[in-house]
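Enquirer: Let's see this in three dimensions:
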Amino acid sequence: MPARPGRSWLFVPGDRERFLEKAATSAADCVFLDLEDAVLPAAKAAARRLVADALAAPFGPRRYVRVNPSSSPWHEDDLRAVVPGAPEGVCLPKCGRPEDVVALAGRLDELESAAGLEPGSTRIVAAIESPGAVLASAAIAAAHPRVAALALGAEDLALELGLGSARGAGASELVFARSMVVYGAGAAGVASIDGVFPDLEDADGLARDALAARRLGFSAKSTISPRQVEVVNRVFSPGPDEVAWARRVVASWHEAGGRGDGSAAAGGELVDRPVVLRAMRLLELADAESSGEEQ
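Expert: As a prediction, the model looks like this:
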């Protein structure tokens, strides 16, 4: 599987110049510069200009622009404004079918060519926000090589399903949708981004929710406030106990290989090739995060 594109994805309202400036030095691995839900219709044009300016300025996190849905009257103008700024990608909200991804990819081909950009350089994050999209997750993830990730839009999905406002422990009512997104992304070899945790005052709840997402297999989690980034980065980074386990496993495997054995034991745990590969992947992630490299 390709390296995942970051642990934390911070939504930044595209019409708030001060927020855009702060996002340039955010601790988030990636940002969604948002032209959709965070921006009222009357402010769409101004937000488009501000985001285009932000793309021209130095920026720390990787930059993805959440454009408006393809069915909206703002979608085409969004693409025309932001693609020439060479963001790492665009997020397509309300993505319901593989055909939505293919249509966007074709338009990106045209806009990149007109702007003199490297073909295929603008990646796509497909937002899964409806029951139909959840069921089509695997097909959406595999629809085009530009797809970098699937992102679960938990709040929109909860609205369509008629779920209550209070989430159960570990967002258990969304476990089917979360798993479908994880498995759909995994089957296509792309990243999976869990939805936001809406309570800004509940850091413990955020940590539990993020841990549940990581245990389900998500690569990353989106956030709606800079205050949430540190927690998400910590949860989605290999902890000291995990790193110690991974080192024991790899060491045991090498020792077994020296003896000509095809399996080993580490701390009472049977170690074979899939376990070793998981351990090596954990160590790669830990090394990347400690050195500040892209994941």
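Enquirer: Which residue ranges make up each domain of this structure?
Expert: 8-235, 240-291 (automatic domain parsing).
Enquirer: quick one: terminal-to-terminal distance for the first one?
Expert: With CA to CA, to the nearest Å as the measure, domain 8-235 spans 10 Å from end to end.
Enquirer: just to revisit the earlier point, going by mean pLDDT, which of the domains of the chain comes out lowest?
Expert: Of all these, mean pLDDT reaches its minimum on domain 240-291 (a mean of 71).
Enquirer: sorry, back to before: output the domains of the chain in JSON lines, with mean neighbour count appended to each entry.
Expert: No exception for glycine: its C-beta is placed from N, CA and C like everyone else's. Formatted as JSON lines, the domains of the chain follow (neighbours: other CB atoms under 10 Å):
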{"stretch": "domain 8-235", "mean neighbour count": "19"}
{"stretch": "domain 240-291", "mean neighbour count": "14"}
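Enquirer: and the gap between the closest residue to residue 250 other than its chain neighbours and residue 191?
Expert: Leaving aside its sequence neighbours, residue 250 sits nearest to residue 279 (CB to CB, 6 or more residues apart in numbering; 5.3 Å). Computed as CB to CB, to the nearest Å, the residue 279 to residue 191 distance reads 21 Å.
Enquirer: With residue 158 instead?
Expert: Taking CB to CB, one finds residue 158 at 22 Å from residue 191.
Enquirer: so who does residue 127 touch?
Expert: Contacts here follow CB atoms under 8 Å, 6 or more residues apart in numbering; on that basis residue 127 touches 66, 91, 92, 93, 94, 95, 150, 151, 152, 153.
Enquirer: Can you pull the phi and psi angles for it?
Expert: phi -90, psi 120 (degrees, to the nearest 10).
Enquirer: swap in residue 201?
Expert: phi -90, psi -10.
Enquirer: Kindly report the same for residue 59.
Expert: The phi/psi pair for residue 59 (degrees, to the nearest 10) is phi -150, psi 130.
Enquirer: That one against residue 26, yeah?
Expert: No. Between residue 59 and residue 26 there is no contact under CB atoms under 8 Å: 9.2 Å.
Enquirer: Find the residues that touch each one of the two.
Expert: What both residue 59 and residue 26 touch, as defined by CB under 8 Å, 6+ apart, is an empty set.
Enquirer: those strands in the stretch 1-150 of the chain, which residues are they?
Expert: In chain order, the stretch 1-150 of the chain shows strands spanning 8-13, 30-34, 62-66, 89-92, 123-128, 147-152, with DSSP state E, counting those that start in this stretch as the criterion.
Enquirer: which ones are touching residue 177?
Expert: Each residue near residue 177 by CB under 8 Å, 6+ apart is listed here: 128, 134, 152, 154, 157.
Enquirer: same thing but 6 Å
Expert: Listed by CB atoms under 6 Å, 6 or more residues apart in numbering, the contact partners of residue 177 are 134, 157.
Enquirer: Residue 140 too?
Expert: Neighbouring residues of residue 140 by CB under 6 Å, 6+ apart: 98, 101, 126.
Enquirer: Now distance to residue 119 too, for the residues you listed, in a markdown table please.
Expert: Shown next, in a markdown table, are those (distance: CB to CB, whole Å):
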| residue | distance to residue 119 |
| --- | --- |
| 98 | 21 |
| 101 | 17 |
| 126 | 20 |
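Enquirer: For the residue nearest the centre of the chain, give its distance to residue 15.
Expert: Nearest to the geometric centre of the chain sits residue 193, at 3.5 Å (CA atoms, centre = their mean). Separation of residue 193 from residue 15 (CB to CB) stands at 23 Å.
Enquirer: Likewise for residue 51?
Expert: Distance check for residue 51 against residue 15: by CB to CB, it reads 9 Å.
Enquirer: Spatially, and excluding backbone neighbours, which residue is closest to residue 45.
Expert: Spatially, and ignoring its direct neighbours in sequence, residue 45 is nearest to residue 77 (7.7 Å; CB to CB, 6+ apart).
Enquirer: now do residue 154
Expert: With sequence-adjacent residues excluded and distances taken as CB to CB, 6+ apart, residue 154 is closest to residue 195, at 2.9 Å.
Enquirer: picking up where we left off before, tell me which of the contacts of residue 140 is nearest to residue 138?
Expert: Within the contacts of residue 140, the smallest distance to residue 138 is 9.5 Å, found for residue 98 (CB to CB).
Enquirer: got a list of what the closest one touches?
Expert: Neighbouring residues of residue 98 by CB under 6 Å, 6+ apart: 139, 140, 143.
Enquirer: next one: residue 246
Expert: Going by CB under 6 Å, 6+ apart, the list of residues near residue 246 reads 279, 282, 283.
Enquirer: Serialize the residues you listed to JSON lines and add fields for secondary structure.
Expert: Below are these laid out as JSON lines (DSSP: H, G, I helix; E, B strand; the rest coil):
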{"residue": "279", "secondary structure": "helix"}
{"residue": "282", "secondary structure": "helix"}
{"residue": "283", "secondary structure": "helix"}
